[in-house]
Structure formats: C-alpha cells, structure tokens
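Enquirer: Give me coordinates for this.
(one chain, ligands or ions: 1)
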Amino acid sequence: MSTALSSHHAVYVGSFDPLTLGHVDIIKRGAAIFDRITVGIGINPGKDPLFSPEERLSLTRSVLAPLKNVETLCFEGLTVEFIRHCGARVLLRGVRTLSDIETEFTFTLANRALDPQIDTLFLMASEKYTHVSSTLIKQIAQLAQGAAVGKLNEFVPPEVIQPLLQKYQRTK
Ligand code: ADP
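Expert: Residues are numbered from 1 along each chain as shown. From the prediction side, this is the model:
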C-alpha cells in the first residue's frame with residue numbers, strides 16, 4: 001500500500017459506450033492540467049454494452065491519438081486498483097449536473113475508504129455537453145430520422161458516427 005503514486009498522473013474511467021464529445025472535453029481539460037492521463041475503459045461483466053471492449057478501445061484510441069500525454073487501456077475490477085496499478089494518485093471525474101454530484105459523492109467516499117491515498121478531482125465539461133450521455137446518443141442513433149441523424153456530430157467525435165449507425169443497421 002505504500003508505493004509512491006504520481007500526483008501528476010490522473011486516470012479517467014468510464015464505460016465509454018461510446019465515447020462522446022462530453023468525455024473528450026473532460027479528457028482535454030485533464031490533459032492540460034496533468035502530465036499524463038490514462039483513460040480506463042471498464043469491462044463490467046454485468047453490463048451488456050453496445051460496443052465490445054476491443055471496439056471501444058480502438059475507437060477511443062483513434063479519437064485521442066492527437067493528445068500525446070493520453071493513453072487508453074481496458075480494465076476489469078475495482079477502479080482504485082486500476083489507478084494504483086497505473087501508478088496514479090488522482091481519479092478524474094466529469095460532472096454535468098447537480099444530480100451527477102450526488103451520485104459521485106457516494107462513489108468518492110467508497111473509493112476513499114478502499115484506498116485513502118487516491119483522491120478524486122471533478123471537472124465540468126463545457127455547458128454545450130451538459131445533456132450529452134452515451135445512453136442519449138444510442139437512443140438518437142437508433143430512433144432519429146432524416147436531419148436529426150446529422151445532428152450526431154454535435155454529440156460524438158466524427159470517428160464514432162459510422163460505427164454507431166452500423167450497430168443499428170443505419171446509414172447517414
Ligand atoms: P459510466 O458508464 O461509468 O457512467 P461514462 O462513460 O458514462 O461512465 O462516463 C465516464 C465519466 O464521464 C463520468 O465521470 C461521467 O460523469 C463523465 N461524463 C459523461 N458524460 C459527460 C458530459 N457530457 N460532460 C461531463 N462529464 C461527463
């Protein structure tokens with residue numbers, strides 16, 4: 001438990017099913033503050049994601065390739081154990097609304113109980129992305145007609161659009 005963890009290295013975890021512009025905004029803000037950011041794609045056997053871990057890893061890596069101090073990995077198990085395995089001291093979280101903070105409060109206290117050396121830092125994305133979530137994007141990709149499909153580029157990086165539409169056998 002006494003390994004030195006780096007305060008200059010933060011880890012940002014999530015399902016990223018798929019990666020949204022809200023996630024990218026948080027990652028860019030984190031990358032401007034910390035020397036190194038590790039994006040951790042959580043593999044949760046209890047969830048049934050739209051994109052496989054390999055697909056999420058490859059999409060996320062291609063979108064984040066221009067950010068030279070950002071790497072992306074998949075992980076299983078406890079977030080704090082992954083952060084410690086990375087040698088980082090900081091867990092980065094994005095918040096959209098006050099209700100996000102309420103949920104995060106419990107996670108933060110639980111993570112602190114599990115590993116007191118790791119601290120959580122909250123960042124707010126641009127207000128443009130307050131309503132953006134992976135769940136909403138999947139609903140739009142599945143249900144939108146006509147011009148609304150074209151609006152996907154306001155929510156997800158360009159690399160994500162075709163793979164997303166293909167999942168629902170749709171085209172742009
Ligand atoms: P999970 O499935 O664990 O909720 P997500 O992939 O949805 O993970 O999100 C990962 C992190 O990104 C969380 O901290 C979440 O609050 C944050 N986040 C998601 N969407 C946004 C957004 N639009 N703006 C800011 N933060 C966001």
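
Enquirer: By mean pLDDT, flag the weakest helix or strand of this structure.
Expert: When each helix and strand of the chain is scored by mean pLDDT, DSSP states H and E, helix 147-150 comes last, with a mean of 80.

Enquirer: what comes up buried for that helix?
Expert: Val149 (16 or more other CB atoms under 10 Å). (Each C-beta comes from the backbone N, C-alpha and C, glycine too.)

Enquirer: Could you do stretch 5-15 as well?
Expert: Buried residues in stretch 5-15, counted by 16+ other CB under 10 Å: Leu5, His9, Ala10, Val11, Tyr12, Val13, Gly14, Ser15.

Enquirer: one step back: after the least confident helix or strand of the chain, which helix or strand is next?
Expert: Reading on from helix 147-150 to the C-terminus, the next helix or strand found by DSSP states H and E is helix 158-167.

Enquirer: Give me the distance between that next one and the centre of its chain.
Expert: Relative to its chain's centre, helix 158-167 lies at 17 Å (CA atoms, centre = their mean, to the nearest Å).

Enquirer: So which residues make contact with it?
Expert: Helix 158-167 has contacts (CB atoms under 8 Å, 6 or more residues apart in numbering) with 18-20, 50-51, 55, 59, 62-63, 137-138, 141, 149, 152-153, 156, 171-172.

Enquirer: can you narrow those to ones near the ligand?
Expert: Here is what survives when the contacts of helix 158-167 are matched to the ligand using CB under 6 Å from any ligand atom: Thr20.

Enquirer: Narrow the contacts of helix 158-167 to those in helices?
Expert: Assigned to helices by DSSP state H, the following of the contacts of helix 158-167 qualify: Glu55, Leu59, Ser62, Val63, Ile137, Lys138, Ala141, Val149.

Enquirer: Tell me which two of those sit farthest apart.
Expert: By the measure CB to CB, Ser62 and Val149 form the most distant pair in the ones in helices among the contacts of helix 158-167, at 21.5 Å.
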